[in-house]
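Student: Sequence plus predicted model, see below.
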Amino acid sequence: MTEKEKCANGLLYNANYDQELINDRMKIKDLCQDYNQLKNSDIEGRNFLIKKIVGKTQENLYIEPNFWCDYGYNIEVGENFYANHNLVILDCAKVTFGDNVFIGPNCSFYTANHPIDAKQRNEGLESAHPIKVGDNVWFGGNVTVLPGISIGNNSVIGAGSVVAKDIPDNVVAVGNPCKVIKNIENKN
């Protein structure tokens with residue numbers, strides 16, 4: 001099994017010394033750098049590049065620079081996706097966003113998990129666990145979402161939160177660690 005296959009299966013894999021993964025990261029980071037250096041007014045160029053970077057998109061997506069990711073091909077975004085400045089997605093595993101997701105500035109989504117054992121960590125081993133975000137989710141600024149987390153539909157994650165446990169549908173959740181503080185009534 002290749003290191004890339006181990007990664008896709010949630011197993012320990014070598015991210016630091018595997019040439020295939022290194023090449024994949026360098027290619028996408030070059031594209032991210034190109035994207036981040038485009039003029040804000042170059043909407044056509046930005047749309048073209050972001051759709052080369054992100055693995056699966058719908059039509060309406062807008063990501064403010066600076067934007068960085070590890071591989072790009074593991075990111076899927078739904079319709080009406082907006083991310084403010086300084087979005088970081090470490091997409092060693094799948095990161096899936098539903099429709100109508102709004103992300104404030106300086107937010108991070110991390111799928112990579114490193115061993116507690118220093119010897120394994122120093123060998124470059126890590127594992128990756130997917131993140132899934134439902135529809136109609138709003139993230140305040142400076143939110144960090146950790147590996148393996150699911151966030152339900154219609155939920156709001158307050159600014160500065162560190163999401164270390166799954167968040168259900170229709171709630172407001174805040175804090176470090178992020179906890180549900182309020183249910184949201186559906187007014188349909």
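Tutor: Good, I have the coordinates. None of the values given here were measured: they were computed from a predicted structure. Numbers count the residues shown, from 1 in each chain.
Student: contacts and neighbour counts: CA atoms only from here.
Tutor: Will do.
Student: So, low pLDDT: which residues of this structure?
Tutor: Within the chain, the segments meeting pLDDT under 70 span 186-188.
Student: which residues in it form helices?
Tutor: Counting by DSSP state H, one finds helices in the chain at the ranges 3-8, 19-37, 43-53, 118-122.
Student: quick one: residue 153 and residue 135 touch, right?
Tutor: Yes - counting by CA atoms under 8 Å, residue 135 is a contact partner of residue 153 at 4.8 Å.
Student: The closest residue to residue 171 other than its chain neighbours and residue 160, how far apart?
Tutor: Distances taken as CA to CA, 6 or more residues apart in numbering place residue 183 nearest to residue 171, at 4.4 Å, with adjacent residues excluded. The gap separating residue 183 from residue 160 is 19 Å, by CA to CA, to the nearest Å.
Student: which of the two has more neighbours?
Tutor: Between residue 183 and residue 160, counted using other CA atoms under 10 Å, residue 160 has the larger neighbour count: 19 against 13.
Student: from what I can see the more buried one touches residue 173, true?
Tutor: No - checked against CA under 8 Å, the pair residue 160 and residue 173 is beyond contact range at 10.8 Å.
Student: check contacts around the spatially closest residue to residue 141 that is not a sequence neighbour.
Tutor: Excluding the flanking residues, the one nearest residue 141 by CA to CA, 6+ apart is residue 104, at 4.3 Å. The neighbourhood of residue 104, defined by CA atoms under 8 Å, 6 or more residues apart in numbering, consists of 83-85, 138-142.
Student: at 6 Å instead, please
Tutor: 84, 139-141 (CA atoms under 6 Å, 6 or more residues apart in numbering).
Student: Going by neighbour count, which of those comes out on top?
Tutor: Neighbour-wise, those (other CA under 10 Å) top out at residue 139, 23 neighbours.
Student: Lovely, talk soon.
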